[in-house]
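Peer 1: Provided below are the primary sequence and the corresponding predicted coordinates.
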Amino acid sequence: MKLADKIKKLKKEKNAVILVHNYQNPEVQEIADFTGDSLGLSKKAAATDADIIIFCGVFFMAETAKILSPQKKVILPDEQAGCPMADMITAKQLIELKRKHPKAKVLTYVNSPAEVKAESDFCCTSANSISVVEKAFSEDDQIIFVPDKFLGQYTAGQTKRDFIFWQGYCPAHAKISPEDLRKQKEIHPDAKIIVHPECRPETIALADRALSTSGMIKFAKETTAKKIIVGTEPGMIYPLRKYAPDKCFYPASSQANCPDMKKINLEKVLNGLENLSYEIKIKDEIIHQAKRSIQRMLDLS
Ligand code: 13P
Ligand code: SF4
């Protein structure tokens, strides 16, 4: 039997659901029950009635699923699939920052450890950071934004609030330069440019839109433009071509790979289902505290 068929059979027997992020390897996207961005996948994790969630993404995403569905087994098929940006802040560092700014409220990008979410007032994703700020904070509020300084700066630029930034960033998106976009635009002058808001401000400044990964798919389906330059992890080209086959997509940079997002393959998914490894485990009190900040985000979106 083919690997994909074995996975489908076992998934049914064990009442498991397979959630897959948009950057994952194509073979993994093809066996998904749901593909999506961080926001879409966390909504699926909260709503599923499956007993087991196989999360094909990176560590913080599987942790978020566990926080939202603590009674379920959440499996990350490769324990080493982390997010370097999420690792750029610890709960201890956030507590120290809160001490320095006692009046500020904390808005945390979901690309962060569970313990950091537990110290936060609200969470957001790249799809909803602007609307969370507009709905959750008044113009007088001071906002500590962690860990992504670039998403934070982009969000601050779109909202009238006083922000304090942490100096984290995504090493993959930081590699996409304004020069990369200019070069692609020279070759394809009639193309639209879309970028992820984890990019540098000077890169975002040259784009027509800054969008989450699922926002990019929606844009690609709806736009009248035939050519689109894509400033994000190059794995995104696969779902874009799949969902908008009538359009042409050009990666802005081939340097923006996220090796962690590519660690999961079909063998590891099958192993994850067979042996229920690696199982995400989080202390009850962290689940309880972190859930508040994530749930507040979901209630607003
Ligand atoms: P999205 O939520 O837009 O899919 O982004 C997740 C991510 O890690 C981007 O680097
Ligand atoms: Fe983290 Fe960047 Fe990889 Fe997304 S692309 S998982 S932010 S390192």
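Peer 2: In hand now; what should we look at? Ligands and ions are numbered 1, 2, ... in the order given.

Peer 1: For ligand 1, give me its nearest residue in the stretch 51-200 of the chain.
Peer 2: With C-beta to the nearest ligand atom, the shortest gap between the stretch 51-200 of the chain and ligand 1 falls at Ser126, namely 4.1 Å. C-beta: built from backbone N, CA, C; applies to glycine.

Peer 1: For the residue nearest to that residue when sequence neighbours are not counted, give me phi and psi.
Peer 2: Taking C-beta to C-beta, 6 or more residues apart in numbering as the measure, Ser126 lies nearest to Ser212, with 4.2 Å between them; neighbours along the chain are not counted. Note on Ser212: backbone dihedrals following degrees, to the nearest 10 are phi -70, psi 170.

Peer 1: which residues touch Ser212?
Peer 2: Going by C-beta atoms under 8 Å, 6 or more residues apart in numbering, Ser212 touches 37-39, 125-127, 196-197.

Peer 1: gap between it and Lys98?
Peer 2: 27 Å (C-beta to C-beta, to the nearest Å).

Peer 1: For the residue of the stretch 201-301 of the chain found nearest ligand 2, which non-adjacent residue is closest in space?
Peer 2: Of the residues in the stretch 201-301 of the chain, the one nearest ligand 2 is Cys258, at a distance of 3.3 Å by C-beta to the nearest ligand atom. Here the nearest residue to Cys258 in space, its sequence neighbours aside, is Ala172; by C-beta to C-beta, 6+ apart that works out to 4.4 Å.

Peer 1: roughly how far apart are the one you found and ligand 2?
Peer 2: As for Ala172, its distance to ligand 2 is 4 Å (criterion: C-beta to the nearest ligand atom, to the nearest Å).

Peer 1: pLDDT below threshold where in the stretch 151-300 of the chain?
Peer 2: Along the stretch 151-300 of the chain, no part satisfies pLDDT under 70.
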